[in-house]
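**Q** Sequence plus the predicted model coming up.
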There are 2 protein chains.
Amino acid sequence: MALRHYTLDVSLSSPVDCASTVHGLLSIFHEQEMTETIHDTDGHGSIATFVGKNGRVVLLRVHTQGLVTIDLQCYDDDNLVQLDNLLNALEKKLKVLLHGNITRIKRLPPLRRGAEVDRYWPTADGRLIEYDIDRVVYEEDSQYQNIKILHSQQFGNILVLNGDVNLAESDFAYTQAIMGSGKENYAGKEVLILGGGDGGILAEVVKQKPKMVTMVEIDQKVIDGCKMHMRKTCGNILDNLKGDCYQILVEDCVPVLKKYVQDGKTFDYVINDLTAVPISTEPEEDSTWEFLRLILDLSIKVLCSTGKYFTQGNSVNLTEALSLYEEQLGKLSCPVGFSKEVVCVPSYLELWVFYTVWKK
Amino acid sequence: MALRHYTLDVSLSSPVDCASTVHGLLSIFHEQEMTETIHDTDGHGSIATFVGKNGRVVLLRVHTQGLVTIDLQCYDDDNLVQLDNLLNALEKKLKVLLHGNITRIKRLPPLRRGAEVDRYWPTADGRLIEYDIDRVVYEEDSQYQNIKILHSQQFGNILVLNGDVNLAESDFAYTQAIMGSGKENYAGKEVLILGGGDGGILAEVVKQKPKMVTMVEIDQKVIDGCKMHMRKTCGNILDNLKGDCYQILVEDCVPVLKKYVQDGKTFDYVINDLTAVPISTEPEEDSTWEFLRLILDLSIKVLCSTGKYFTQGNSVNLTEALSLYEEQLGKLSCPVGFSKEVVCVPSYLELWVFYTVWKK
């Protein structure tokens, strides 16, 4: 059972008499056999609630400063045409009552609340976004995170980790960007991928015939889900943990990086595709930033002198978080330079910053 | 004065006692000095409304089939931390009351209702989308349409015609797509642009040194707004209606096309950049489809035998509208072939279909 929540907002150029506006709409609700309660508001305009049949509820507010808001809630299986007519009647009547005073009438697409398939996945910069998601194709709680793969008509399957949209099958732009936007040649190179459980980067790097790619992904369940449901992204690369020129280590990347540093092992490319707040088996750092810096520092240490480190940053709108990240780059044990690029990743519905970092 | 509308939805694996769940939350509202009304629902769960100080209102519903929905409305200048705490307290208490029965807790970014700057511009496929719009930079009602140019932090200025997002300064991908995705050479060619008042296509075509570009845009006020506020799109091309290799006719394109047909004038490229429902000074056709077909038919008539016609189609999700459009292509007076491409235009927040049409 899901709720549809319609809104109708009318902005006015000047205040109106609140009580008489509510009164002017009453007959419309009575026609719908809805019963009203007029609430005492202590000087904050008029508030009326209407309860009707089939679980229909309306909250009507005429605000003191030139705004009328109407909320209409009903169930999914209600007669939606009838409800549309009710909203039309209210809009029409308000146009008569508030004649010449209206500056804007706004009706939003209805919110779908409590539905089995959740369509709302806010952007990193906190905006409300409705996706065209019609089914859940995979859902698991691993020991590290909640893993969902959701089907979107336009984006294909979307990997969502702990509620964050990670990658959709439409998002080759992400893979391209985090590999250096087509300006690099991976042939014969040593490559290290941190995270990347969807297999997108691994599949693309392997196509370029590198010497060896090592991917270190902590969560087997991400690999399992993507292997089955993100094949437009990973192809068949996740079907085996080892291939001619690649290996997948299902491990926490921190101890692996530490071992590489200890052994003096280096890479031409390190691609950090970890989640925004990386997951660790034994977080030893106090804050997320310190943990991010630890991974960065270790990654730069295993980079050969001409090597490049690629990573995704954040929403282009989160300027403070981006600045903080860039600050971390100045605090590494080895001095680095960096550049950034703003990329449109289709399923993100916000522009995203990618970084390239190198040893100075 | 704008309203913030918060929601908190708790989905349950099995129904709960509605009245006692409402009762269990009462003390939280009393602490906030909110006064309740318990409504009679005729068997559709429990409904309670709470009215507090400063215009705060809560609608609490415990539905019979395993769902609790809470709406909290307050004004923009309210103490938002306090309201966040109220929602936290409600969530915490619900976790205690409904212990072990909860399958999902969802809090959406608050809706901003009646705000001076409207951030909600639904997609063509009808989804609710919040943009990062912070100011209106231009607004005019021309004799044809409502014209807005809105500023987005990430997309730059966005041209919105009659409520439809047309183009943002970030959307070079649109211009590229409707020019044939970089596969065409416009040097020395005769080009006709229908609509295109933002100047994006004109600016790009002119860079390629065509023989002559004619742009036919009906609405001077679109040109005026874009000339001032969409300069990342149009550069200085709209500063003059005539240049070395281009002219802008501020006219209805239908009579212009008819004149070209009559005169036997032909073009190497016709680029239809009209709005989804084209505007006409004297619509002579019965339906939008007939009008679209008229423009299509005239455009194909002025196309030289090796020429190409480019246009934007629709949201990739609107499969029915796309099919209807393709049907029109079969009804033209001259047989045509067509291909289509799906493109990510950053500010659209949905994938978009572009068509190429040619004479068979």
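**A** Arrived safely, thanks for sending. Here the structure is a predicted model, which is why all the values come from computation and not from measurement.
**Q** Which residues belonging to the lengthiest helix in chain A are considered buried?
**A** For chain A, the longest helix by residue count, based on DSSP state H, is helix A:80-97. By 16 or more other C-beta atoms under 10 Å in any protein chain shown, the buried positions in helix A:80-97 come out as A:83, A:86-87, A:89-90, A:94, A:97. Using the backbone N, CA and C atoms, a C-beta is placed for each residue, glycine as well.
**Q** Show me what it is packed up against.
**A** strand A:3-12, helix A:18-31, strand A:67-75, strand A:102-107 (3 or more C-beta pairs under 8 Å, 6 or more residues apart in numbering or on different chains; DSSP states H and E).
**Q** looking at the ones you listed, which is closest to chain B?
**A** Between chain B and the helices and strands packed on helix A:80-97, the shortest separation by C-beta to the nearest C-beta is 4.0 Å, and it involves strand A:67-75.
**Q** average model confidence for the closest one?
**A** Mean per-residue pLDDT for strand A:67-75: 97.
**Q** which of the residues in that strand are buried?
**A** For strand A:67-75, using 16+ other C-beta under 10 Å, the buried residues are A:67-75.
**Q** Who are the packing partners of it?
**A** When contacts are defined as 3+ C-beta pairs under 8 Å, 6+ apart, strand A:67-75 sits against strand A:3-12, strand A:57-63, helix A:80-97, strand B:3-12, strand B:67-75.
**Q** between the ones you listed, which one is nearest to B:S46?
**A** Taking C-beta to C-beta, strand B:67-75 is the member of the helices and strands packed on strand A:67-75 nearest to B:S46, at 9.5 Å.
**Q** partner strands of the closest one, parallel or antiparallel?
**A** Counting by DSSP bridges, the strands paired with strand B:67-75 are strand B:3-12 (antiparallel), strand B:57-63 (antiparallel).
**Q** In a markdown table: the ones you listed, plus mean neighbour count.
**A** Formatted as a markdown table, those follow (neighbours: other C-beta atoms under 10 Å in any protein chain shown):
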| stretch | mean neighbour count |
| --- | --- |
| strand B:3-12 | 22 |
| strand B:57-63 | 25 |
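**Q** possible to save these as JSON lines with mean pLDDT?
**A** Below are the strands paired with strand B:67-75 laid out as JSON lines (pLDDT from 0 to 100):
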{"stretch": "strand B:3-12", "mean pLDDT": "97"}
{"stretch": "strand B:57-63", "mean pLDDT": "97"}
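**Q** how about stretch A:215-222: buried residues?
**A** If you call a residue buried by 16+ other C-beta under 10 Å, then stretch A:215-222 has these buried ones: A:215-219, A:221-222.
**Q** So for it, mean pLDDT?
**A** For stretch A:215-222, mean pLDDT is 98.
**Q** Same question for stretch A:113-128.
**A** 97.
**Q** quick revisit: out of the buried residues of stretch A:215-222, which sit inside strands?
**A** If you go by DSSP state E, these have A:215-216 in strands.
**Q** Report the distance from stretch A:106-121 to the chain centre.
**A** Mean-position distance between stretch A:106-121 and its chain equals 15 Å (C-alpha atoms, centre = their mean, to the nearest Å).
**Q** what do you get for stretch A:222-240?
**A** On C-alpha atoms, centre = their mean, the centre of stretch A:222-240 falls 21 Å from the chain's centre.
**Q** Same check on stretch A:258-270?
**A** Here stretch A:258-270 is found 33 Å from its chain centre; the criterion is C-alpha atoms, centre = their mean.
**Q** Check what contacts it and list those residues.
**A** Applying C-beta atoms under 8 Å, 6 or more residues apart in numbering or on different chains, the contact partners of stretch A:258-270 are A:180, A:184, A:186, A:189-192, A:194, A:298-304, A:306-310.
**Q** A:N314: how many residues sit nearby?
**A** 20 (other C-beta atoms under 10 Å in any protein chain shown).
**Q** what sits against the nearest residue to A:A321 once chain neighbours are set aside?
**A** Among residues not flanking A:A321 along the chain, A:N314 sits closest, at 5.0 Å (C-beta to C-beta, 6 or more residues apart in numbering or on different chains). Contacts for A:N314 (C-beta under 8 Å, 6+ apart) come out as A:124, A:276, A:321-322, A:325, A:352-353.
**Q** so can I have TSV of the buried residues of strand A:67-75 showing distance to B:G163?
**A** Below are the buried residues of strand A:67-75 laid out as TSV (distance: C-beta to C-beta, whole Å):
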residue	distance to B:G163
A:L67	19
A:V68	20
A:T69	19
A:I70	19
A:D71	21
A:L72	21
A:Q73	25
A:C74	25
A:Y75	29
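**Q** which one of these is nearest B:E116?
**A** Nearest member of these to B:E116, counting by C-beta to C-beta, is A:L67, at 10.9 Å.
**Q** So A:L90 versus A:S27, what's the distance?
**A** Separation of A:L90 from A:S27 (C-beta to C-beta, to the nearest Å): 11 Å.
**Q** what do you get for A:W121?
**A** Distance of A:W121 to A:S27, given as C-beta to C-beta: 41 Å.
**Q** who's more crowded, these two?
**A** Neighbours per residue (other C-beta under 10 Å) separate A:W121 from A:S27, with A:W121 holding more: 19 against 11.
**Q** wait, isn't the more buried one in contact with A:Y131?
**A** Yes. Using C-beta atoms under 8 Å, A:W121 makes contact with A:Y131 at a distance of 5.8 Å.
**Q** which residues of chain A score low on pLDDT?
**A** Counting by pLDDT under 70, chain A shows low-confidence ranges at A:277-286.
**Q** got the domain boundaries for it?
**A** Following automatic domain parsing, one finds the domains of chain A at A:3-112, A:114-165, A:170-359.
**Q** Any chance of JSON lines for those domains, columns distance to B:V256?
**A** Supplementary listing: those in JSON lines, determined by distance: least, C-beta to C-beta, whole Å:
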{"stretch": "domain A:3-112", "distance to B:V256": "35"}
{"stretch": "domain A:114-165", "distance to B:V256": "36"}
{"stretch": "domain A:170-359", "distance to B:V256": "35"}
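**Q** export the biggest strand by length in chain A as CSV, just CAs?
**A** Taking DSSP E as the criterion, chain A has its longest strand at strand A:303-315. C-alpha atoms of strand A:303-315 as CSV (Å, rounded to 0.1, in the frame of the first residue of the first chain):
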residue,chain,number,x,y,z
LEU,A,303,53.0,5.3,-7.7
CYS,A,304,56.1,5.2,-9.9
SER,A,305,57.7,8.7,-10.4
THR,A,306,55.8,9.2,-13.8
GLY,A,307,52.6,7.6,-12.6
LYS,A,308,49.2,9.0,-12.3
TYR,A,309,46.5,8.6,-9.6
PHE,A,310,42.9,9.1,-10.6
THR,A,311,39.9,9.4,-8.4
GLN,A,312,36.3,10.7,-8.3
GLY,A,313,35.8,13.7,-6.1
ASN,A,314,32.4,15.0,-5.4
SER,A,315,29.4,16.9,-6.6
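**Q** by contact count, what packs against the helix or strand just after that strand?
**A** Counting by DSSP states H and E, the next helix or strand C-terminal to strand A:303-315 is helix A:319-329. In terms of contacts (3+ C-beta pairs under 8 Å, 6+ apart), helix A:319-329 is packed against helix A:288-301, strand A:303-315, strand A:336-344, strand A:351-359.
**Q** which residue packs closest to A:L72, ignoring adjacent ones?
**A** Nearest residue to A:L72 in three dimensions, chain neighbours excluded: A:Y6, at 4.3 Å (C-beta to C-beta, 6+ apart).
**Q** And A:R113, by the same measure?
**A** Nearest to A:R113 is A:L3, by C-beta to C-beta, 6+ apart, at 4.3 Å.
**Q** Distance-wise, check that neighbour relative to A:I38.
**A** A:L3 sits at a distance of 24 Å from A:I38 (criterion: C-beta to C-beta).
**Q** A:V261 now?
**A** With C-beta to C-beta as the criterion, A:V261 and A:I38 are 71 Å apart.
**Q** And A:D118, by the same measure?
**A** From A:D118 to A:I38 the distance is 35 Å (C-beta to C-beta).
**Q** Give me the more crowded residue out of these two.
**A** Neighbour count, other C-beta under 10 Å: between A:D118 and A:I38, A:D118 has more, with 20 against 15.
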